[in-house]
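>>> structure for the following, please:
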Amino acid sequence: MSEWDKLLSQKRFRAASKRSSFDKRNEFENDYSRVVFSSSFRRLQDKAQVFPLENSDFIRTRLTHSQEVSTLGRSIGITVENKLVEDGIAPELSKNHRGEISSILATAGLIHDMGNPPFGHFGETAIQKFFQNWFTKDSIGKEFKLRNPNHAADFENFDGNVQTFRLLRKLQYLKDMNSLNLAFATLASVIKYPRCSIEGNKKDKGLSYKKFGYFQSEAKDFQELKEELQIGNSRHPLAFLLEAADDIAYSIADIEDGCKKGVLTYEIISKTLRNKLKMEIPDEKALFEQFIQHYKETVDENFPNRIELVVQNFRIDAQGHMITAVIEAFVSNLDDIKSGKFDEDLILASKAKNLREAFKELAGILFANKEVIERELVGEKVICGLLSSFVEAVTSPDRYDPKSKNGKVFNLISDNYRYIMKNNPYSLQINDPELIQIEKIDKLSGKKLEMAQNAPSLYDHLLLVTDFVCGMTDSYALELYQKLSGIKL
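Next comes the predicted model:
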C-alpha cells in the first residue's frame, strides 16, 4: 500500500451504504453531494464574509465564498495530480486515485467555513472573550476552569474551523451520530491545526501550532483519523492546498467587495501594488502593469463604477499567478510537507508572497472601514447577549424545568442539538478518570454522584450553547437577540 493510498483513504466512521451500479462517482464526489444538500451548507447564504447583514447581492457571503474556494480547490487539485503523475513523483495516482485530489479539495472548499459563527471572524473573537471573562469572573466558570483546563481552553480559544470538524462529525444528524459521515481524507483536509487547544495556540512554534484543530469532544475521532491516514502530528498535505485556495479566493474577492462599497479606489490599490510588488521581478512587474492596463485600456473610462470592473478583470491575472505559485511550492516541498518538516503558509513560501502581502494590506483598509466596524460591534453585542442568556440557562439548577425562566430559555435551543447532547454526551464516551471524577459531580442540578454519572456534563452543556449559536445565521441571531432583549416581538 502506497503513501497516497493512506492519505486518500475512503474510510468512514460508519460504513457507507451500498450505491447503485450506475453511480460512477468516486467516494469524495459522493461527499460533495452530501454537503450541497445539507442544511448547514445552506445556512452559509446568510453568514457574513466581510460585511454582516449586507443587503447587496453583489457582496459575498460565506456561501458564495465557499463556492469560490471549492472551484479554486478543484482547479488546483487537477493540476497537482497531473503534475505529480507526469513528473513521476506519484504515478500511482493515475491508476488508483484518478480525480480524487480534486474531488477532495472541491468538497473541502464547500465545508471549510461551515462551523463559523454569525458575524464572521468577529463572532469567533466575541465567543473567545465571553468565555475568557466567564471563566475568570463567574463562580461556576472559575471552578470549571481550575478543574478542567483542557476543556476550558476549548472555549477560551474558540475557533470556527474547530467547530466545523465538530459539526461534520456530530451535529448534522441524519440517521445516527455520525453526521454527514464524510470520508477520512475529506475530514482531515479541513483540519489546518492538528493540535488540541492546550497544545496549539502557540504562534512561535510554527504554522500548525498557530491555532488548534479539534475540541476534546472530538479528540478520539481525530486520533482515529491520524492513525488511518498515517499523518503523525502533521497536517494532511491537502490541508496546505485548501488553505491556499481559501487565501487566493478571499484575497482578491475582499478587494472586489471593497470597491463595490466605495472603500477602495484605483489610487489606493495602485499605490499598494506599487509599494508591495517588486518591479525588478518580471512576473510582479507584469502584474502591476496588467492592473494599470485594465484601468487605462481594458475598461471604458465612461463605464459606471469603473474600478469594480477593473478589479474583476485583474482578479483573473492575480489568481492565475497565485495558483501557479502555490502548485510549484507544493510540488517542490512535497517530501517535507508529508514528513512534517515544512510548516509554513504555502503562499508566503511561494513566489506569490508579495502579491499576497499587497492584498493583505488592502484588506486591512477594508476592515478598518466604519461600516464594517459598526456591524462588527453589533455582532459582538448580539453574540455576547445570546451567550449570556443561554450559558446562564444551561448552568442553572432549574434548566430542565419548563415552567422556569431558565427552562424556557433552555427549550429555545434547537431540538436537534439537545437530542445529540442527551443521547451522545462527551462525558460518556471517554475513560479519563480525572474528567469523570470531576464531571460526575453535577452541583448545578443537585444530583448525587451516582446519579450524575449518567447525565451530560457541564462541558457538554457549554458545547450545546456554542453549537446552537454557531448554527445561527446573522439574521436569525440578530432577531433572536432582539426578542430575548425585549426589543422586538
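
>>> ok, the closest residue to residue 234 other than its chain neighbours to residue 239 distance?
Counting by C-beta to C-beta, 6 or more residues apart in numbering, residue 234 lies nearest to residue 340, which is 3.4 Å off, once chain neighbours are set aside. C-betas here are computed from N, CA, C, even on glycine. Look at residue 340 and residue 239: by C-beta to C-beta, to the nearest Å, they are 12 Å apart.

>>> look at those two and report which has more neighbours.
Between residue 340 and residue 239, counted using other C-beta atoms under 10 Å, the more crowded position is residue 239 (25 against 15).

>>> could you list every helix and strand that the helix or strand harbouring that one packs against?
Per DSSP states H and E: residue 239 is located in helix 237-260. With contacts defined as 3 or more C-beta pairs under 8 Å, 6 or more residues apart in numbering; DSSP states H and E, the packing partners of helix 237-260 are helix 62-86, helix 100-111, helix 184-189, helix 306-332, helix 334-339, helix 353-367.

>>> run the last query once more with 6 Å
For helix 237-260, the packing partners by 3 or more C-beta pairs under 6 Å, 6 or more residues apart in numbering; DSSP states H and E come out as helix 62-86, helix 100-111, helix 184-189, helix 306-332, helix 353-367.

>>> quick one: the ones you listed as a markdown table, columns for mean pLDDT too.
As requested, the helices and strands packed on helix 237-260 are exported to a markdown table (pLDDT from 0 to 100):
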| stretch | mean pLDDT |
| --- | --- |
| helix 62-86 | 95 |
| helix 100-111 | 97 |
| helix 184-189 | 97 |
| helix 306-332 | 94 |
| helix 353-367 | 91 |
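
>>> residue 387: which of those is closest?
helix 62-86 (20.4 Å; C-beta to C-beta).

>>> show me the contact partners of the closest one.
Outside of helix 62-86, the residues within contact range by C-beta atoms under 6 Å, 6 or more residues apart in numbering are 44-45, 47, 49, 90-91, 93-94, 101-102, 105-106, 109-110, 113, 241, 245-246, 248-249, 323, 327, 331.

>>> can I have the buried ones of the residues you listed as a PyMOL selection?
Here is the PyMOL selection string for the buried members of the contacts of helix 62-86, based on 16 or more other C-beta atoms under 10 Å:
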select buried, resi 44+47+49+90+93+101+102+105+106+109+110+113+241+245+246+248+249+323+327+331
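
>>> looking at stretch 464-472 now, give me its mean pLDDT.
Mean pLDDT, stretch 464-472: 96.

>>> which parts of that stretch are buried?
So for stretch 464-472, counting by 16+ other C-beta under 10 Å, buried means 464-472.

>>> narrow these to those in helices?
Judged by DSSP state H, helices contain the following of those: 464-470.

>>> and the two most separated of the buried residues of stretch 464-472?
The distance between the two most remote of the buried residues of stretch 464-472 (C-beta to C-beta) is 13.5 Å, for 464 and 472.

>>> against residue 9, how distant is residue 91?
Distance, residue 91 to residue 9, using C-beta to C-beta: 19 Å.

>>> do the same with residue 82
Residue 82 is 22 Å from residue 9, where distance means C-beta to C-beta.

>>> for stretch 188-197, which outside residues touch it?
Residues outside stretch 188-197 that contact it (C-beta under 6 Å, 6+ apart): 104, 108, 111-112, 153-154, 157, 200, 208, 211-213, 225, 229, 235-236, 238-239, 242-243.

>>> run a quick neighbour tally on the residue nearest to residue 458 when sequence neighbours are not counted.
Using C-beta to C-beta, 6+ apart and skipping residues adjacent in sequence, the residue nearest residue 458 is residue 144, 5.8 Å away. Residues near residue 144, counting by other C-beta under 10 Å, number 23.

>>> can you list phi and psi of residue 144 for me?
Main-chain torsions, residue 144, degrees, to the nearest 10: phi -60, psi -40.

>>> one more: the one 10 residues further on?
Dihedral pair for residue 154: phi -60, psi -40, per degrees, to the nearest 10.

>>> show the contacting residues for it.
Residue 154 touches 197, 215-216, counting by C-beta under 6 Å, 6+ apart.

>>> coming back round to it: switch the helices and strands packed on helix 237-260 over to a markdown table; also include distance to residue 176.
What follows is those, written out as a markdown table (distance: least, C-beta to C-beta, whole Å):
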| stretch | distance to residue 176 |
| --- | --- |
| helix 62-86 | 26 |
| helix 100-111 | 19 |
| helix 184-189 | 16 |
| helix 306-332 | 36 |
| helix 353-367 | 41 |
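
>>> quick check: which of those helices is nearest to residue 272?
helix 353-367 (5.4 Å).

>>> residues in contact with that closest one: which ones?
251, 254-255, 258, 263, 272-273, 276-277, 284, 347.

>>> go with 7 Å
For helix 353-367, the surrounding residues in contact (C-beta atoms under 7 Å, 6 or more residues apart in numbering) are 50, 247, 251-252, 254-255, 258, 263-264, 268-269, 272-273, 276-278, 284, 287, 318, 321-322, 347-348, 372.

>>> does anything pack onto the helix or strand hosting residue 378? Which helices or strands?
Per DSSP H and E: residue 378 is located in helix 370-394. Counting contacts by 3 or more C-beta pairs under 7 Å, 6 or more residues apart in numbering; DSSP states H and E, helix 370-394 packs against helix 120-137, helix 405-410, helix 458-470, helix 474-484.

>>> at 10 Å instead, please
helix 120-137, helix 139-147, helix 353-367, helix 405-410, helix 458-470, helix 474-484 (3 or more C-beta pairs under 10 Å, 6 or more residues apart in numbering; DSSP states H and E).

>>> list the buried residues of that helix.
Neighbour-count burial for helix 370-394 flags 372, 375-376, 378-380, 382-387, 389-394 (criterion: 16+ other C-beta under 10 Å).

>>> which neighbours do residue 340 and residue 239 share?
Common contact partners of residue 340 and residue 239 (C-beta atoms under 10 Å, 6 or more residues apart in numbering): 194, 208, 231.

>>> ok, how many other residues are close to the second one?
Residues near residue 208, counting by other C-beta under 10 Å, number 23.

>>> same deal with the last one?
Other residues near residue 231 come to 20 when the count uses other C-beta under 10 Å.

>>> that one - that's part of a helix, no?
No. Under DSSP: H, G, I helix; E, B strand; the rest coil, residue 231 falls outside any helix and is assigned coil.
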